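**Student:** the following block contains a protein sequence and its predicted model.
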Amino acid sequence: MNEEPSAVDANDAPISIGSNVRYINTDTIGEIIEIKTDDEGTWALLDTTQLYYRVETLQITDRKASAGKKYTISEEDVKERIKQQAEEVQTSTLEEVFQATGGG
């Protein structure tokens, strides 16, 4: 019998084959297609990269990878990003925008 090892993500949430996860170091999104354990720990294979990741570096997510190995972004996330960028633009000064050094 080929039993799947029990595994938990970075937040101690249980993960299993079919879970959508995010690799916390690069924001890579994927679905777990295999889980294995060896002498170094427990590993999960992601469908989008075909790479194994230590399960403690993954987080459960509701985002799903799309065809180009990217993830879908909700309308709410897009609005929030635009709002943040607008605030950053408003707080910058012309000196920061046009700061240049000359030589010679």
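**Tutor:** Okay, I see it.

**Student:** burial count for residue 39?
**Tutor:** 4 (other Cβ atoms under 10 Å). Any C-beta I mention is one placed from the backbone N, CA and C, and that applies to glycine too.

**Student:** my bad, should have said residue 20
**Tutor:** 20.

**Student:** then residue 64?
**Tutor:** 12.

**Student:** then residue 46?
**Tutor:** 23.

**Student:** for it, which non-adjacent residue is closest in space?
**Tutor:** residue 30 (3.2 Å; Cβ to Cβ, 6 or more residues apart in numbering).

**Student:** for residue 11, see how far away residue 79 is.
**Tutor:** Per Cβ to Cβ, to the nearest Å, residue 79 is found 26 Å from residue 11.

**Student:** let me see the ranges of the strands in this protein.
**Tutor:** Using DSSP state E, the strands of the chain run over 7-8, 14-15, 20-23, 28-38, 41-46, 52-54, 58-60.

**Student:** can I get the ones you listed in CSV including mean pLDDT and distance to residue 91?
**Tutor:** Putting these into CSV (pLDDT from 0 to 100; distance: least, Cβ to Cβ, whole Å) gives the following:
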stretch, mean pLDDT, distance to residue 91
strand 7-8, 92, 40
strand 14-15, 94, 39
strand 20-23, 94, 29
strand 28-38, 94, 31
strand 41-46, 94, 38
strand 52-54, 96, 37
strand 58-60, 95, 30
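
**Student:** just put these in JSON lines and tack on distance to residue 83.
**Tutor:** As requested, these are exported to JSON lines (distance: least, Cβ to Cβ, whole Å):
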{"stretch": "strand 7-8", "distance to residue 83": "34"}
{"stretch": "strand 14-15", "distance to residue 83": "32"}
{"stretch": "strand 20-23", "distance to residue 83": "22"}
{"stretch": "strand 28-38", "distance to residue 83": "23"}
{"stretch": "strand 41-46", "distance to residue 83": "31"}
{"stretch": "strand 52-54", "distance to residue 83": "32"}
{"stretch": "strand 58-60", "distance to residue 83": "24"}
